[in-house]
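Trainee: Here is my input; please provide its structure:
(chains A, B, C and D)
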Protein chains: 2
Amino acid sequence: MSRKSSNVTLKDIAAQAGVSHTAVSAALHGTGRISDEKREHILSVAKKMSYRPRLAAQMLRSNRTGHLGMIVCGVNLTDLMDSGFHGPIVSSFIQACEERDIRYHIEFAKEAVNPDDDFIPPAYFSGGMVDGALVVGYCDQPFAHWLEHENTRPWVSVGESAAYFVKDNSEQNVYQVAQHLVALGHRRIAFLHGDVSFDSNEEGLHGFERACLDFPMDTKSQWVHYIPMMPRRDGMHKTAEWARTCLAESDRPTAVICKGMGVARAVVSVAQQLQLDVPHQLSVIGFGTQAEAERSYPCMAHIQPDYPKIVHQALYILEQRLAGRDVANSSSLVAANMVWQDTVAPPQD
Amino acid sequence: MSRKSSNVTLKDIAAQAGVSHTAVSAALHGTGRISDEKREHILSVAKKMSYRPRLAAQMLRSNRTGHLGMIVCGVNLTDLMDSGFHGPIVSSFIQACEERDIRYHIEFAKEAVNPDDDFIPPAYFSGGMVDGALVVGYCDQPFAHWLEHENTRPWVSVGESAAYFVKDNSEQNVYQVAQHLVALGHRRIAFLHGDVSFDSNEEGLHGFERACLDFPMDTKSQWVHYIPMMPRRDGMHKTAEWARTCLAESDRPTAVICKGMGVARAVVSVAQQLQLDVPHQLSVIGFGTQAEAERSYPCMAHIQPDYPKIVHQALYILEQRLAGRDVANSSSLVAANMVWQDTVAPPQD
DNA sequence: ACGATCCGATCGTATGGAATG
DNA sequence: TCATTCCATACGATCGGATCG
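Mentor: Prediction:
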């Protein structure tokens, strides 16, 4: 029976050390109800027997787990790691928890295939294996309802509005990118955006429109263009088509803001084929992570949501709620990091 | 006390339904010791009270968790998702488990900072929260020792040799890429490889060397070149430098095999600047995922380790061991998927 | 004798209160 | 009185054995 735990328990240590199992428990927890020399002895025995507490027993007994959860919604598992949002958020969460020695568990919300299926709540969260959780992305209706009405544990939303939430300030980010380009001398600026049914894309578009009103920018309707991202190859070809058309004209844009690093790469590639120098004759900026940007050649200027900070804020709010404290700011918008390397410069005539 | 579980238990349901708590348990499990009408009644009550079993209690009582673990080693958390290996493996594992309704937990091995620190075993694995685990990547010495001597649970290695392991067949993959290029008519083939202190890179290099012996290939020493990947920007610049030198010569290579998609992109970009047509005058292939390949323009030919299959095999072995069955093949090498789109063609004179 | 139902012990840990010196 | 030490119990689900009609 290879699955048998064969694990050392408190009793085993107690027997070995000649004390009661409660003494062992006390020793391991540093609750001061035991003499120093006995504690030391017990600890050494425990170490020798390589004792590991049984987490399930601890959780059951203490009715708190000391673990936090992350529930990821609305992402196709095939491209979790390619998602410009979910991937980095998950990654930042892991990193934040490891740094603070918080135990954590990540799970994925199951979306109902057809509407009359029973809703299946996230198992760890509803099974009491975590004290609270960050909920990432868009929750579908049954899940939102469940969170609201049947769930008693605290949670904080990441990326979507809710009672407690933290998200990227997409509107302001795009606005600032435009501002920066204008300050460099750009007037003709294009914006290739993503699906506006996603909040962040819609907000980004608003930011661009606001910039058009506030700054001396020339725009044409075909310069604000929607690129569908899926399937990916289509998206790339549509981008290239757009670029071949718009960049060939004499009053072509001098800068292009691209939602997505792939789109930005396609624009750069077409520009080079048209003998346009990047960045001096055309500046290009992509939304995406630093890693993606630096795997482009030339290294792409990029706007990267501050995922670590977003997660940090969300964890802070969650911990306040777990501690039963009131939270002053129940929501926050986090500014992105912008890096202007290699593909952005003042425009050249 | 918002953390209080406030969860419905078997007893609550029993009280509500006017039966004993064991009857409820029986009803929920379909162990046939209860009459159909009572079972139905109990189930309806349980549903109405939205009962969720307490996982910790189940695990404690039954001494088996029904959960599998994945322990990820030797990756800097900052670039988990950018790692061409760990990211896709984790992603495939999640997907495989979700598809099969296996519960799972992913954790990251803590590497000792200095050697005399006590080794900290992975908490979930050693805390009995999983029945067994896949161990991904290179385990450092203390961890390997712990797995071997202090651990009693079964595990299967992914990506490194061990008693039970599954990994990518890097040697054969590169060999086959070369074979394919030769068959297309290529003779002058370059290979930009990664750090050979990683097994997979070393094996890939061996595969290339074997191909050089077996097939009619012309090689020069500078065509087999090591590109350090970190820091990333340096890697890209070194690649570009190499390409500017080697692709300008009259007897330039007609095909380049690149370890890493960033490297491949840089080669394509320099080639285009040198007015070389890709793929007709230069074929380029990168190792990496389909998603990365399709975020390049033109879409990059690529070699993608078959991560889903690797994980599938590893899970199979693990499940065999958990069931106490003997495993016929305790190890396996998995062939990669190769896609020749857009950047590979027969050479043109 | 048999199906339906229930009781009680159990997993490993944590803790208030009792007993020890 | 006080510092130590230990006992009994509870957490929630499971399952062998006992009970009932």
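Trainee: Would you map the helices across the stretch 1-150 of chain A?
Mentor: Shown for the stretch 1-150 of chain A, the helices assigned by DSSP state H, counting those that start in this stretch span residues A:10-17, A:21-29, A:36-48, A:55-62, A:86-100, A:123-126, A:141-149.
Trainee: and what of the stretch 201-349 of chain A?
Mentor: A:232-246, A:261-273, A:290-294, A:307-322.
Trainee: which helices and strands sit right next to the longest one?
Mentor: This points to helix A:307-322. Contacting helix A:307-322 under the criterion 3 or more C-beta pairs under 8 Å, 6 or more residues apart in numbering or on different chains; DSSP states H and E are the following elements: helix A:86-100, strand A:132-136, strand A:155-158, strand A:165-168, strand A:331-334. Every residue, glycine included, has its C-beta placed from N, CA and C.
Trainee: which regions of chain A lie under the pLDDT threshold?
Mentor: A:1-6, A:32-33, A:349 (pLDDT under 70).
Trainee: ok, which residues in it are in contact with DNA strand D?
Mentor: A:19-20, A:22-23, A:26, A:32-36, A:38, A:57, A:60-61, A:63 (C-beta under 7 Å from any atom of the strand).
Trainee: In this structure A:L315 contacts A:P154, no?
Mentor: No: the criterion here is C-beta atoms under 8 Å, and A:L315 misses it with A:P154 at 11.9 Å.
Trainee: residue nearest the centroid of chain A?
Mentor: Central residue of chain A (C-alpha atoms, centre = their mean): A:I89, 1.7 Å from the mean position.
Trainee: the more surrounded of A:L315 and A:P154?
Mentor: Neighbour count, other C-beta atoms under 10 Å in any protein chain shown: between A:L315 and A:P154, A:L315 has more, with 24 against 20.
Trainee: before we move on, back to that, and of the helices of the stretch 1-150 of chain A, who's closest to A:G286?
Mentor: Proximity to A:G286, assessed across the helices of the stretch 1-150 of chain A by C-beta to C-beta, is greatest for helix A:86-100 (14.5 Å).
Trainee: Give me the buried stretch members for the closest one, please.
Mentor: Using 16 or more other C-beta atoms under 10 Å in any protein chain shown as the test for burial, helix A:86-100 gives A:H86, A:G87, A:P88, A:I89, A:V90, A:S91, A:S92, A:F93, A:I94, A:Q95, A:A96, A:C97.
Trainee: tell me the angle it makes with strand A:132-136.
Mentor: Going by axes from the mean of the first three to the mean of the last three C-alpha atoms, to 10 degrees, helix A:86-100 is angled at 150 degrees with respect to strand A:132-136.
Trainee: what residues does helix A:86-100 touch?
Mentor: Contacts with helix A:86-100, where a contact means C-beta atoms under 8 Å, 6 or more residues apart in numbering or on different chains, come from A:68, A:70, A:72, A:75, A:80-81, A:102-104, A:106, A:134, A:136-137, A:158-159, A:289, A:305, A:307-308, A:310-312, A:315, B:77-78, B:80-81, B:87, B:108, B:110.
Trainee: 7 Å - rerun?
Mentor: Residues from elsewhere that reach helix A:86-100 (C-beta atoms under 7 Å, 6 or more residues apart in numbering or on different chains): A:68, A:70, A:72, A:75, A:80-81, A:104, A:106, A:134, A:136-137, A:158, A:289, A:307-308, A:311-312, A:315, B:77-78, B:80-81, B:108.
Trainee: From those, list just the buried residues.
Mentor: With burial judged by 16+ other C-beta under 10 Å, the buried subset of these is A:68, A:70, A:72, A:75, A:80-81, A:104, A:106, A:134, A:136-137, A:158, A:289, A:307-308, A:311-312, A:315, B:77, B:80-81, B:108.
Trainee: So which of those residues reach DNA strand C?
Mentor: Okay, of these, nothing touches DNA strand C (C-beta under 7 Å from any atom of the strand).
Trainee: quick one: A:R54 and B:S126 touch, right?
Mentor: No: if you go by C-beta atoms under 7 Å, A:R54 and B:S126 don't touch, sitting 9.9 Å apart.
Trainee: burial measure for A:F119, as a count.
Mentor: Neighbourhood size, A:F119 [other C-beta under 10 Å]: 16.
Trainee: My error: substitute A:L282 in the last question.
Mentor: 27.
Trainee: Distance of it relative to A:Q290?
Mentor: 22 Å (C-beta to C-beta, to the nearest Å).
Trainee: try A:D101
Mentor: Where A:Q290 is concerned, A:D101 sits at a distance of 26 Å (C-beta to C-beta).
Trainee: What parts of the stretch 51-200 of chain A come near DNA strand C?
Mentor: Close to DNA strand C, as judged by C-beta under 7 Å from any atom of the strand, the stretch 51-200 of chain A has residues A:Y51, A:P53, A:R54, A:A57, A:Q58, A:L60, A:R61, A:S62.
Trainee: Which residues are in contact with the fourth one?
Mentor: Listed by C-beta under 7 Å, 6+ apart, the contact set of A:A57 reads B:L60.
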